[in-house]
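# Below are the sequence and a predicted model; questions follow.
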Amino acid sequence: MSTIQRGIDDGPAMSSRVLKTVVLVVCCAFVIIPFIGVIATSIASQEHVTNSGGFVLWPDGLNLDAYKAIFNGGVVQRALLISVVIATGGTLISLAGSTMLAYALSRPGSFGQRPILLIVLFSLLFSPGLIPNYLVVKEFGLLDSLLALILPTAISGFNVIVLRSFFMGIPDSVLDSARIDGAGDFRIFWSIVLPLSKAVLAVVGLFYAVGYWNAFFNAMLYINDTAKWPLQLVLRTYVINNTELSSGDLGGASADQLPPQESIQMAILVVSLVPILIVYPFLQRHFAKGMLTGAVKG
């Protein structure tokens, strides 16, 4: 009798688990199938792409003509290098500025601590707007410069607050013992605070890197020279807006040797996704620890 009763009691729980599994599988399918289709279309043959109406779910073979075309020295290869420079340089500049500002705001008695903290918090609530941003960039002579894609967004108020909260959690006894040994503020920051903050620095660095890598709107505003376009602006122009890539855009390859436009567009999309997919697994183990530690205190 008890076995029958236990089976009846477990029925709703089992149904709930099955329903959750089905919903999870369906959600995963909605995410994974388009991604598989993008990769498959980028490596499919011209005949298969044409016969499938421009979107392939399973290729009939491995054809890398689309990747050879975009890495033939044309606009995509140049834009990829520019995006790497912007993402790498911007992340380093942002991390340096944010960590130093956050550390100064976390130390009681720092010069201008309270008003500067209020300014940082104010920036979380109010944005200066599109036209003032453009005028500032123009007055500093940054139009058509890659610095225009880095400096206006170099410091994020949210990331500064996360870092400040983490730094405030470092025991004062550790810092005081370093001062007793004769270490100055910069030496304490470099030799003690930063090594203890690897988790939160990895998370904040990932936020900055993804932000710089995915940004296209600032490039659309401030960069008029197409030779300085980052990859995301090329992606928007040639994939989202469906502008056709000519042979001149792909390093001068002959028009009759070009793969289908759909394959080239999907190959650009794959190239834009790969760097973040490569970096994220190395930082994943720091992600939860860095975010939770930096968000609990403060």
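Happy to help now that I have it. Residues are numbered from 1 along each chain as shown.
# residues in contact with Ala38?
To be clear, residue 38 is Val; Ala isn't right here. By CB atoms under 8 Å, 6 or more residues apart in numbering, the contact set of Val38 is Met266, Leu269, Val270. All C-beta spots, glycine's among them, are computed from the backbone N, C-alpha and C.
# Please disregard the earlier target; I meant Ser156.
Ser94, Ser98, Phe207, Tyr208, Gly211.
# Could you rerun that using 7 Å?
Ser156 makes contacts with Ser98, as judged by CB atoms under 7 Å, 6 or more residues apart in numbering.
# Any figure for the gap between it and Thr91?
Separation of Ser156 from Thr91 (CB to CB, to the nearest Å): 12 Å.
# and which of the contacts of Val38 is nearest Ala199?
For the contacts of Val38, the residue nearest Ala199 by CB to CB is Val270; the value is 30.3 Å.
# measure the closest one to Arg78 for me?
18 Å.
# Not counting its neighbours along the chain, what's nearest Phe216?
Distances taken as CB to CB, 6 or more residues apart in numbering put Gln232 closest to Phe216, at 3.9 Å, once the chain neighbours are dropped.
# That neighbour: what secondary structure?
Counting by DSSP: H, G, I helix; E, B strand; the rest coil, the backbone at Gln232 sits in helix.
# Compare the contacts of Val38 and tell me which is most surrounded.
Met266 (25 neighbours; other CB atoms under 10 Å).
# Sticking with that one, tell me its helix or strand.
If you go by DSSP states H and E, Met266 is part of helix 261-296.
# Now that helix: average pLDDT?
Mean pLDDT, helix 261-296: 73.
# just stretch 203-210 next, same as before
89.
# Check which residues of that stretch are buried.
In terms of neighbour count (16 or more other CB atoms under 10 Å), stretch 203-210 has its buried residues at Val203, Val204, Gly205, Leu206, Phe207, Tyr208, Ala209, Val210.
# and which of the residues you listed is nearest to Met168?
Nearest member of the buried residues of stretch 203-210 to Met168, counting by CB to CB, is Val204, at 15.3 Å.
# Show me the helices in the stretch 101-250 of the chain, by range?
Taking DSSP state H, counting those that start in this stretch as the criterion, the stretch 101-250 of the chain contains helices spanning 113-125, 130-139, 157-168, 172-180, 185-188, 194-196, 198-214, 217-222, 231-235.
# now the angle between helix 113-125 and the third one, please.
Comparing the axes of helix 157-168 and helix 113-125 via axes from the mean of the first three to the mean of the last three CA atoms, to 10 degrees yields an angle of 140 degrees.
# Would you mind giving the domain segments of the protein?
1-63, 71-298 (automatic domain parsing).
# mean pLDDT for the ones you listed: which is lowest?
Minimum mean pLDDT among the domains of the chain: domain 1-63, a mean of 77.
# returning to that earlier point: which of the domains of the chain sits most buried?
Stretch with highest mean neighbour count among the domains of the chain: domain 71-298 (a mean of 17; mean count of other CB atoms under 10 Å).
# Out of the helices of the stretch 101-250 of the chain, which gets nearest to Asn51?
It is, among those and with distance given as CB to CB, helix 231-235, at 26.0 Å.
# got the CA positions of the closest one in PDB?
What follows is helix 231-235, C-alpha atoms only, in PDB (Å, rounded to 0.1, in the frame of the first residue of the first chain):
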ATOM      1  CA  LEU A 231      34.300  44.200 -37.600                       C
ATOM      2  CA  GLN A 232      30.900  44.800 -36.000                       C
ATOM      3  CA  LEU A 233      30.200  47.800 -38.300                       C
ATOM      4  CA  VAL A 234      31.200  45.600 -41.300                       C
ATOM      5  CA  LEU A 235      28.900  42.900 -40.000                       C
END
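# contacts for that helix?
75-76, 79-80, 83, 214-216, 219-220, 268-269, 272.
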